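>>> fold the following.
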Amino acid sequence: MSSYAHPEALVETAWVAEHLHDPNVRVAEVDYDAAANYALGHVPGSVLIDWKADINDPLARDLLSAEALTKLYHRAGVNADTTLVLYGDFNNWFAAFGFWVLKYYGFKDLRIMNGGRKKWIAEDRPLTKDVPSVAAGTAKAHPADEKLRAYYDGVKAALPQVQASELGLVDVRGPKEFTGEVTAPPEYPNEHAQRGGHIPGARNIPWAQAVNEDGTFKTFAELQHLYQSKGIVPSKPVITYCRIGERSSHTWFVLKYLLGYPDVRNYDGSWTEWGNQIRSPIEKP
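Model prediction:
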């Protein structure tokens with residue numbers, strides 16, 4: 001793990017187990033479906049961050065506001081100097097999304113537990129159904145860092161750079177989504193776009209290629225080869241996208257924190273926005 005560009009952004013399950021009672025460490029499980037995961041058993045002392053209810057705006061198609069995030073810190077017992085460790089289901093899809101959102105709002109000491117729920121459970125580490133009682137946190141969200149986020153107009157304006165290979169555009173969805181054979185996997189029936197395909201010039205590097213069978217991240221050398229062999233290099237800006245921004249956050253984390261790419265943005269509007277937008281340019285085989 002020491003070979004990663006920012007090894008401090010990743011902790012192992014053993015480290016979390018050793019710090020379960022550390023008052024300066026807060027562990028949070030980020031779930032897509034809290035009832036199917038957190039409620040059935042979670043890392044002792046960990047608080048819940050519900051992907052749908054807590055880190056997305058309840059009305060607009062947007063992230064939660066800075067004010068709402070400050071309230072979440074208060075509820076979760078997070079202070080400005082807290083080491084906040086995120087983990088979750090789906091090999092940390094949603095933990096990575098949470099990491100991206102909290103970095104967007106400037107949280108300092110943020111980490112992901114390598115392997116997520118899957119590895120913790122596989123190692124037969126303790127689980128509990130108890131919801132911890134935590135003292136109110138005092139952390140506040142900082143102004144948004146727009147260097148970490150891409151929007152529809154910016155991606156569309158950058159297409160000439162993509163075509164000229166001056167900017168890397170990574171579609172992290174599965175191959176059938178990339179070709180337009182399907183507009184969403186069957187397990188996500190409410191996240192379809194009107195059209196299938198991909199943004200012109202995008203390289204298809206599915207997010208799951210970055211992880212091992214146990215859900216942990218591959219080595220620096222393996223990840224470097226995976227992306228650079230497809231023309232995604234650190235000397236050029238990179239934009240990642242998927243369908244709703246969660247899987248692309250996972251790849252964003254890999255590129256920015258494990259490989260150290262200096263300019264990586266996550267396009268969280270992703271294919272549900274692009275594939276539904278009138279006159280969006282689309283490529284298909």
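>>> quick one, strands of the stretch 1-150 of the chain?
10-11, 25-31, 47-50, 83-88, 110-113, 149-150 (DSSP state E, counting those that start in this stretch).
>>> other residues contacting the third one?
For strand 47-50, the external contacting residues (Cβ atoms under 8 Å, 6 or more residues apart in numbering) are 26-31, 34, 38, 42, 55, 72, 75-77, 86, 98, 131-132, 134. Glycine gets a C-beta too; all of them are placed from N, C-alpha and C.
>>> and that strand, average pLDDT?
Averaging pLDDT along strand 47-50 yields 96.
>>> next one: the longest one
Per-residue pLDDT values across strand 25-31 average out to 97.
>>> can you show me the helices along the stretch 101-250 of the chain?
Remark: helices assigned in the stretch 101-250 of the chain by DSSP state H, counting those that start in this stretch are 116-122, 152-157, 159-163, 175-179, 220-228, 246-253.
>>> show me which positions of the second one end up buried.
Buried residues in helix 152-157, defined by neighbour count with 16 or more other Cβ atoms under 10 Å: residue 155.
>>> same check, this time on the third one
Neighbour counts over helix 159-163 (16+ other Cβ under 10 Å) mark 159, 161-162 as buried.
>>> mind putting those residues in CSV, pLDDT and distance to residue 110 included?
Listed next are the buried residues of helix 159-163 as CSV, based on pLDDT from 0 to 100; distance: Cβ to Cβ, whole Å:
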residue, pLDDT, distance to residue 110
159, 98, 32
161, 98, 30
162, 98, 30
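>>> for beta bridges, what are the partners of the residue nearest to residue 147 when sequence neighbours are not counted?
Nearest residue to residue 147, sequence neighbours excluded (Cβ to Cβ, 6 or more residues apart in numbering): residue 265, at 7.1 Å. Taking DSSP bridges as the rule, residue 265 bridges to residue 239.
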